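Asker: Got a sequence here, can you build the structure:
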Amino acid sequence: MRLNNEGSYYPPNDNLNDIIKLLEDIIRDTGESNKLSIGIDCNANNYFNDVTKKYEMDGFKQPPDAEALIDYYLKYCNEHPAIKYLEDPIADLDITGWQKIFMKFSQKPSVTISSKSLVGENFKNLKNVNTFSQ
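Answerer: This next block holds a predicted model:
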């Protein structure tokens, strides 16, 4: 495992499925699956095209919009119940996408959705948003 600049560890493999499988195996082998979980820093800002409002990333035939990306996250988390945390799954500028992800994931309270820069970067935009949990 390698240490990133924010203090978390990541395996030296770019294939998400392989990484999740490795982490699930490690968690299972510890016998502590009720205490250990997986968090993913999705870093969606790196993939968001603010002109097309799509996420240009590998693994999709066409760049997904927020709705399709959220459905992917939800399906992936359902297939891998050890995933309990998604950081920055939607781009900071995609306020509508944030509303949608909070609404969809409200049905899956075992997964925490967060962003370290959403509020700081978009405070003036967020003032116009009634609430994320409608």
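Asker: Just the local confidence number for residue 31, please.
Answerer: Per-residue pLDDT puts residue 31 at 93.
Asker: what does residue 122 give?
Answerer: For residue 122, the model assigns a pLDDT of 63.
Asker: Please apply the same query to residue 67.
Answerer: pLDDT at residue 67 comes out at 97.
Asker: Would you list the phi and psi of it?
Answerer: When read as degrees, to the nearest 10, the backbone of residue 67 gives phi -60, psi -50.
Asker: Repeat that for the one 5 residues further on.
Answerer: In this entry, residue 72 is assigned phi and psi values of phi -60, psi -50 (degrees, to the nearest 10).
Asker: okay, now it: neighbour count?
Answerer: 16 (other C-beta atoms under 10 Å). To be clear about C-beta, it is placed using only N, CA and C from the backbone, and glycine gets the same treatment.
Asker: quick one: it from residue 26, how far?
Answerer: Residue 72 sits 24 Å away from residue 26, going by C-beta to C-beta, to the nearest Å.
Asker: Chain neighbours aside, what residue packs nearest to residue 93?
Answerer: Spatial nearest neighbour of residue 93, excluding adjacent residues (C-beta to C-beta, 6 or more residues apart in numbering): residue 50 at 5.4 Å.
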